[in-house]
Each structure stands twice: as C-alpha cells, then as structure tokens.
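Chemist: I would like the atomic coordinates for the input below:
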Amino acid sequence: MSRKGENIYRRKDGRWEGRYIRGRKQDGKAVYGYVYAKTYYDVKRKLTMAIVDLEYKEKEKKEINVTVYDFALSWLSDIKIQVKQSTYMRYKNIINNYLFVEFHGIMMKNLTAECLRNHCNHLLESGGVRKKGLSPKTVADILSLIRNILKYAQENGWQTACSGKEVVIKQIPKEMCVLHLTEQKILCEYLSDHISERNIGILLCLFIGLRIGEICALKWEDISLTEKTIHVHHTIQRIQIEGNSNKKTKVIITTPKSKCSIRTIPIPDNIINILNKISPNQCGFLLTGTEKKYVEPRTMQNHLKKVLESASLRSVNFHALRHTFATRCVEVGFDIKSLSEILGHANVNITMNRYVHPTMDLKRDNMQKLSTLFAVK
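Modeler: Have a look, this model is predicted:
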C-alpha cells in the first residue's frame, strides 16, 4: 500500500516500486515511468532523481529545436533492440533515402500535415533513383514510418503539429500472380520427372504454401515422416551490413516474420511419398542435404525461373507458388481458419484479402448455382 500522496508501492516479490508520469499521449492519457529498489527510501530517492531528470529534459526540449531527421535517428536508436536486423536496416534506409534531404532542416514542431502531404506527392511524382516516382505502396510504407516517429514523439511529451494520419496514400491492390490449374499440373509433372532437392522444395511450396525464406531454411530435422508434419521456425534472408564493411550484405538465418509464422503444418500424402523415397540418411538443409551449405532465396528464385523455362511455362516469381497454394485450397472448399494458420497469418482477414483470389472458373461455377433457383422459359 502506498503512503499518502506518493506513488510508491510494496510489490509481492518484496521490492518497492515507484511510478511517475513521464509524458502524455495526444488524447491526454498519462504515460508512466517506473523505478525499483529493495527499500522504500532507495526507491524514493530514485523516484526523485527520475522526476528531476525528466524535468531537466523537458526544459531542454523547449529550449532546443530538433530537426525531423535528427529525431528520426533518435527513434531508430531506441527501437533497435526491439526489431529484427532486417527491419532495422529497412527503417534506416527509408530515413536516409527519403527523410534526410527533405526534412534535414525542418524542425519537429514545424512538420505540418501540409508539409507531409507535399513530401508524399513529391515522392509519388519524382521520387526514386530515376526520378520517375515511387509506387504508392513504397510511399505508404514511408508515411507509416513517419507516423511511428510522430507517435513516439507525442508519447515522450513532444508537441507535434500533426500525427501523420491526416495524409492518406491511395493504393490500387496489386494483382496476385496465380498459376492456372493446367500450368500447375504441367509444373508438378516436370518436378516429379526431375526429382532433386531443390525441385522437392518447389513442390513443398506448391502443396504447403511456405515462403521462399522458409523453404531455404528448412532442415530434415524439421520434418517428421511418421507424424507427416513440417515444423516451420526459421527463415533465411540477405540483409545489408551496417557500417563501413567491405561486404555490403550478408545472409542470416533467423525466426520467421512473426510469432504466427512459427507453425507446424501437416504434409499431404503425395509429398510424403516423395520424401520417403529420398529420406534415408538425409540430414542438414532440405535443399542441399548438408549441414553447412544452404541455398539462399535469390538462388532459389533463379532455379524456379530455369525450371519454368524447361517446362515451357510463363515466368512467375517464387511467391506465386504460395498464392497458388492458397487459391487451390479455397477452390476445394478449405476451411479458411485452418488455411490462415497454415500460411502463418495473424488473422483470417489477411488470408482472405491478400492471398485468396477465386479464379473466373470458380466464380462462374458459383454463379451457375443461381440457375437452379428458377427456370427461364
């Protein structure tokens, strides 16, 4: 129980906790900071020091003007330990490429919705290396990052002229590439006639819906032929190296993009039969059969391109295999909740809106069902 007028409490673990307001959100709600100590007097001393330090920083904020770019770097430094390497480098590239020049001399307090809107319009019209404009998706990603920076500023007691939500980038959904049923049959026949580790990887993506990084990171130890399951818990990706290094990029093996992407997937019998034929004494990475050597995503993409050429099929990117898997599942009446979990999505809406695209044949069959309601004479 706290003493009168103090936000100091005795915790169940015996320690003392002191709480203070370190800022307020845009809606006025308090954002709290906490200090801990073994005794009441120690936590009271820490609490007093934290409040004095906060007041000093607040005074500094009012006296010193900070540019949007400098504040963006401060935000990036704070979130570094909370995000993956690839996410951190993506954020850093956006800040350096799209905020440095435009916002280097603009103070945080002067970043208005109009200023932000003009910047987004400029990026849409003449952004990018070739000055021909960036895609709406890219500009929307840049805007999303700016919104996060502004939210971070507001939560830490800074006054901003806008939240970033005043600006909206209109996006036209990109049409997903899906193999036609006849194309899929031709591809499956070709892969079955030319069995190899990499071709088995393509088959797995067609019938299980793995991402390219996930299939590249998959090991034989992740596959249970007795239980007929695959455990997905790693992905391979190439990222930029921070700092002045001779190498600009490196390959890392890390956890998938989200917790929902760590999943166990049932394997259909046709794939089990193929895996059983080549499974004796197999170890290491599925695509190489060795512990140390792996196939990185861009190499696997190039392999798919060669396979499609050999099978006389149109060229598609590797993610089309995942789109094709999801589409076929919907066409055969797959339970959407199960499909969402197999794909590793956070919710069913992502599955429906992003990956599931009924074909014209399916639409025609569904429309034809209406003809049974009445007969036209």
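Chemist: what's around the residue nearest to residue 272 when sequence neighbours are not counted, how many residues?
Modeler: Closest residue to residue 272 apart from its sequence neighbours, by CB to CB, 6 or more residues apart in numbering: residue 228 at 5.5 Å. (C-beta placed from N, C-alpha, C; glycine too.) Other residues lying near residue 228 total 15 when counted by other CB atoms under 10 Å.
Chemist: ditto for residue 50
Modeler: Neighbourhood size, residue 50 [other CB under 10 Å]: 17.
Chemist: Could you do residue 137 as well?
Modeler: Residue 137 sits with 12 neighbouring residues when counted by other CB under 10 Å.
Chemist: For it, list the residues it contacts.
Modeler: 171, 174 (CB atoms under 8 Å, 6 or more residues apart in numbering).
Chemist: can we see that at 6 Å?
Modeler: When contacts are counted by CB atoms under 6 Å, 6 or more residues apart in numbering, residue 137 touches residue 171.
Chemist: Go ahead and list the helix or strand containing it.
Modeler: helix 136-155 (DSSP states H and E).
Chemist: Go through that helix and flag the buried ones.
Modeler: Residues of helix 136-155 classed as buried by neighbour count (16 or more other CB atoms under 10 Å): 136, 138-143, 145-147, 149-154.
Chemist: Stretch 272-288 now?
Modeler: In stretch 272-288, counting by 16+ other CB under 10 Å, buried: 272, 274, 275, 285, 286, 287.
Chemist: cool, stretch 176-195 as well?
Modeler: Using 16+ other CB under 10 Å as the test for burial, stretch 176-195 gives 176, 178, 179, 183, 184, 186, 187, 188, 190, 191.
Chemist: now stretch 113-125
Modeler: For stretch 113-125, the neighbour count (16+ other CB under 10 Å) marks 115, 116, 117, 119, 120, 123, 124 as buried.
Chemist: Give me the residues contacting it.
Modeler: Stretch 113-125 is contacted from outside by 102, 133, 134, 139, 143, 162, 166, 167, using CB under 6 Å, 6+ apart.
Chemist: show me the contacts for the fourth one.
Modeler: Residues touching residue 139, when contacts are defined by CB under 6 Å, 6+ apart, comprise 120, 123, 124, 169.
Chemist: one step back: downstream neighbour of the helix holding residue 137 in the secondary structure list?
Modeler: Beyond helix 136-155 on the C-terminal side, the first helix or strand identified by DSSP H and E is helix 181-193.
Chemist: So which other helices or strands are in contact with that following helix?
Modeler: Helix 181-193 sits against helix 197-208, with contacts defined as 3 or more CB pairs under 6 Å, 6 or more residues apart in numbering; DSSP states H and E.
Chemist: how much distance is there from the helix it packs on to the middle of the chain?
Modeler: Taking CA atoms, centre = their mean, to the nearest Å, the mean C-alpha location of helix 197-208 is offset from the chain mean by 23 Å.
Chemist: What angle do helix 181-193 and that helix make with each other?
Modeler: Put simply, helix 197-208 runs at 140 degrees to helix 181-193, going by axes from the mean of the first three to the mean of the last three CA atoms, to 10 degrees.
Chemist: For residue 215, see how far away the residue nearest to residue 272 is.
Modeler: 18 Å (CB to CB, to the nearest Å).
Chemist: same deal with residue 73?
Modeler: From residue 73 over to residue 215 the distance is 36 Å, taken as CB to CB.
Chemist: Compare these two (neighbour count), which wins?
Modeler: Per other CB under 10 Å, whichever of residue 73 and residue 215 has more neighbours is residue 215, with 28 against 17.
Chemist: Look up the closest residue to the more buried one, ignoring the ones flanking it.
Modeler: Using CB to CB, 6+ apart, the nearest residue to residue 215 is residue 201, at 4.8 Å.
Chemist: now do residue 274
Modeler: Leaving aside its chain neighbours, residue 274 sits nearest to residue 200 (6.4 Å; criterion: CB to CB, 6+ apart).
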